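> got a predicted model here, sequence first, then my questions.
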Amino acid sequence: MTDIYKIILEETVAGYWDWHIKEKEIILSPAFKAMFGYHDNELPNTIISWQKLVVPDDRARLDKSLAGHFESKGSKAFNLEVRYKHKNGSIIWINTTGRVIEWDGDEPIRMVGCHIDITAKKKTEETLKISEETFRNAFEYSPIGMMLVSPEGQFLKANKSVCDMLGYSTDELLAKTFQEITYPDDLKADLDLLQKTLNGEINSYKMEKRYFTKNGSILWIWLHVSLVLNQNNEPLYVVSQVKDITEWKNADVALRESERRWIFASEGTGGGIWDWDLLNNTIFHSEQCVRMIGFEPHEFDNIPGVWTAKVHPDDRQKYRDDIKAYVNGETNIYSNQHRVLCKDDTYKWILDRGKVIEYDENGKPTRIIGTHTDITEQKQQEERLRHTLDMMSGQNNRLLNFAYIVSHNLRTHSSNFKMIMDVLDDPSTSKDEKEELSGHLKQVSEQLNDTIVNLNEVVSIQTNIDIQTSEINLHTYFNRAIELLHNDISRWEVKVDNSIPIDCKLVYNPAYMESIIFNLLSNAIKYRSLVRKPEVAVSYFNIPGGKYGFVIADNGIGINLKKYGDQLFGMYKTFNGNRDAKGIGLFITKNQVESLGGSIEVISEVDKGTTFKVFLN
């Protein structure tokens, strides 16, 4: 025991002891010895010295408590009131308490404790004992039913209140036992608790039970039983206090039946019920409520906070704020939509609604009942609709852009045709000029044909509703594109790293996949750096939540996204002065990806390189 604790115990007039059990050595503090009138050197530090101080009649009780502490390995407390003999021959009452602090397996090694003199307290208790006459008056005229009952169950005495309650005269009731008038289904629980009281395991008990009245009707009562001992600490009788709670129980049964019907009706529509007792801080979730997220009732703890802990982190604060605002009276209704983690680690969307049904005397809510409704499918439909609307909006924008491009490009070619034809029709045009203009006419015709081919491909993507898909190997498709670009890769000594898993399979449109990969890879080579060895890295990703796709990263010349970011995927938009650039590849690639519900993200830095991240779903 540390010096600080020794000082505290000594200063509070509590004698301490430190028992090394295996060595059979004990230290009895000076205050311990002084408590019994001895100087430190007058009383040896031995167990025998301690044992001799205990009043013989209390020794067995002390030993039993100590044994119980050892056998329970400390879970049963060693704390009791024992009489000791003072040096002057007087008897003093001591509160003895201690605990084993060191164990060797199941064997106690060291135990420490303290003694506190409670003699004055005991004398005060004796002085304050109610006289027999006072007890008799309180018993007879109490508005609560009171009975004295023998340990065997025989009624020994009964007041007027309990006789009126049960319909018996005093003599009739005293001729019976409590077992005779107890409802059969409640008898075992009552007898078990009574036996524990008689055994000294508990001092008293309370319970709700039913009695039969004299006319055979059933009476619900609240029962409180306490034990009275004789001078030898043996059971003398029990004092039973009873209160009629039949009216309250009937009201409670009616309420529960009403709640049961409501729960049945609610769960019949697929919803779950929760019931929050704010007064006792307890909560109940119905079976349907729990099974809604994949758990069985025995797997889900009905304690406040368990459901909250499963709410998605992004939704949790609003969930807490909404219900707090409702409880505080800041809102008239409680309704919240949040995601909850299910047993299978997926999330479901829940519509949570509740209403206060009980208030305290100050008007504060004490009970709220609510419902949980699975709205996951509705949320998914909303997400699909939102995605469709986004796609339609994007398509409308692209159609406007497409219409502008068609109008602009065809008008340009048409003007060129008209200008050439006007010059050819001019009589002053020489033969050489006409031959030269015929060459221009052929060039304009070829440009018009290229434009029509490009526009036709865009139209094909925009109008293709039923895009066929099949299972493809993504690694193989990249290898195929690399083979097609073999000459350029060899010519410019480009290092291409295909780290997509060999067995990476997914469902996609084969033609679109070939086009997407070829366009992005050829761009990475076309816009390579001229000052460092070109490198292209290809990888696959699969993000929790279902997002997957591939990344193509190069160390090329890069793109100034601040300047050209909003034009990057525009039709006929070029930025790097490459004579071979037509500004159609990225436009078509983006349209192909989005037509199958995907998207493209780009990160680029001038003279550092560009990374395209393609989400395929």
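All right, it came through fine. Numbering: from 1, shown residues only.
> hey, let's count contacts and neighbours off CA atoms from now on
Will do.
> residue ranges of the strands in the stretch 101-250 of the chain, please?
107-117, 145-149, 155-158, 204-212, 218-229, 235-244 (DSSP state E, counting those that start in this stretch).
> possible to save those strands as CSV with mean neighbour count?
Output for these, formatted as CSV (neighbours: other C-alpha atoms under 10 Å):
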stretch, mean neighbour count
strand 107-117, 20
strand 145-149, 24
strand 155-158, 19
strand 204-212, 18
strand 218-229, 18
strand 235-244, 20
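> could you dump those to TSV with distance to residue 165?
Shown next, in TSV, are the strands of the stretch 101-250 of the chain (distance: least, C-alpha to C-alpha, whole Å):
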stretch	distance to residue 165
strand 107-117	46
strand 145-149	8
strand 155-158	11
strand 204-212	10
strand 218-229	9
strand 235-244	7
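> for the ones you listed, which one sits closest to residue 27?
strand 107-117 (9.4 Å; C-alpha to C-alpha).
> can you tell me which helices and strands that closest one packs against?
Where contact means 3 or more C-alpha pairs under 8 Å, 6 or more residues apart in numbering; DSSP states H and E, strand 107-117 is packed against strand 14-20, strand 91-104.
> which one, of the strands of the stretch 101-250 of the chain, ends up nearest to residue 380?
Nearest to residue 380 among those is strand 204-212 (50.4 Å), distances taken as C-alpha to C-alpha.
> helices of the stretch 451-600 of the chain, start to end?
Counting by DSSP state H, counting those that start in this stretch, the stretch 451-600 of the chain has helices at residues 474-484, 486-491, 510-526, 561-564, 585-595.
> got those helices as TSV, with mean neighbour count and distance to residue 183 columns?
Shown next, in TSV, are those (neighbours: other C-alpha atoms under 10 Å; distance: least, C-alpha to C-alpha, whole Å):
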stretch	mean neighbour count	distance to residue 183
helix 474-484	17	76
helix 486-491	13	94
helix 510-526	19	79
helix 561-564	12	85
helix 585-595	21	74
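> ok, which of the ones you listed comes nearest residue 163?
Ranking the helices of the stretch 451-600 of the chain by their distance to residue 163 (criterion: C-alpha to C-alpha) puts helix 585-595 first, at 85.9 Å.
> what is that closest one packed up against?
helix 431-463, helix 510-526, strand 599-605.
> recalculate using a threshold of 7 Å.
In terms of contacts (3 or more C-alpha pairs under 7 Å, 6 or more residues apart in numbering; DSSP states H and E), helix 585-595 is packed against helix 431-463, helix 510-526.
> any idea which of these scores lowest on pLDDT?
Ranked by mean pLDDT, the helices and strands packed on helix 585-595 end with helix 431-463 at the bottom, a mean of 63.
> run through the helices of the stretch 201-350 of the chain in chain order.
246-268, 287-291, 306-310, 313-327.
> worst mean pLDDT among those?
helix 246-268 (a mean of 66).
> pLDDT on the helix or strand hosting residue 66, on average?
In this structure, residue 66 sits in helix 56-71 according to DSSP states H and E. Mean per-residue pLDDT for helix 56-71: 93.
> show me what counts as buried in the next helix or strand after that helix.
Under the assignment DSSP H and E, the closest C-terminal helix or strand after helix 56-71 is strand 78-85. Residues of strand 78-85 classed as buried: 78-79, 81-85 (neighbour count, 16 or more other C-alpha atoms under 10 Å).
> can you state the direction angle for strand 78-85 and strand 91-104?
Relative orientation of strand 78-85 versus strand 91-104 (axes from the mean of the first three to the mean of the last three C-alpha atoms, to 10 degrees): 140 degrees.
> give me the beta-bridge partners of the closest residue to residue 157 other than its chain neighbours?
Excluding the flanking residues, the one nearest residue 157 by C-alpha to C-alpha, 6 or more residues apart in numbering is residue 148, at 5.0 Å. As for beta bridges, residue 148 partners with residue 157, residue 239 under DSSP bridges.
> identify the residues contacting residue 148.
155-158, 237-240 (C-alpha atoms under 7 Å, 6 or more residues apart in numbering).
> also residue 176?
Contacts of residue 176 by C-alpha under 7 Å, 6+ apart are 154-155.
> just the C-alphas of stretch 428-439, formatted as CSV.
Written as CSV, here are the backbone C-alpha positions of stretch 428-439 (Å, rounded to 0.1, in the frame of the first residue of the first chain):
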residue,chain,number,x,y,z
SER,A,428,-12.2,36.5,-118.0
THR,A,429,-10.8,33.5,-116.1
SER,A,430,-7.8,32.0,-117.9
LYS,A,431,-7.3,28.3,-118.7
ASP,A,432,-4.5,28.1,-116.2
GLU,A,433,-6.6,29.7,-113.5
LYS,A,434,-9.4,27.3,-114.2
GLU,A,435,-7.1,24.3,-113.8
GLU,A,436,-5.8,25.7,-110.6
LEU,A,437,-9.4,26.3,-109.4
SER,A,438,-10.3,22.7,-110.3
GLY,A,439,-7.6,21.6,-107.9
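> how far does it sit from the chain's center?
Its chain's C-alpha centre and that of stretch 428-439 lie 83 Å apart, by C-alpha atoms, centre = their mean, to the nearest Å.
> how close does residue 104 get to residue 110?
Between residue 104 and residue 110 the distance is 10 Å, computed by C-alpha to C-alpha, to the nearest Å.
> just the element for the closest residue to residue 553 other than its chain neighbours, please.
Residue nearest to residue 553 in three dimensions, not counting chain neighbours: residue 611, with 4.1 Å by C-alpha to C-alpha, 6+ apart. In this structure, residue 611 sits in strand 609-615 according to DSSP H and E.
> pretty sure residue 177 is touching residue 153, no?
Yes. The pair residue 177 / residue 153 is scored as a contact, 5.2 Å apart, by C-alpha atoms under 7 Å.
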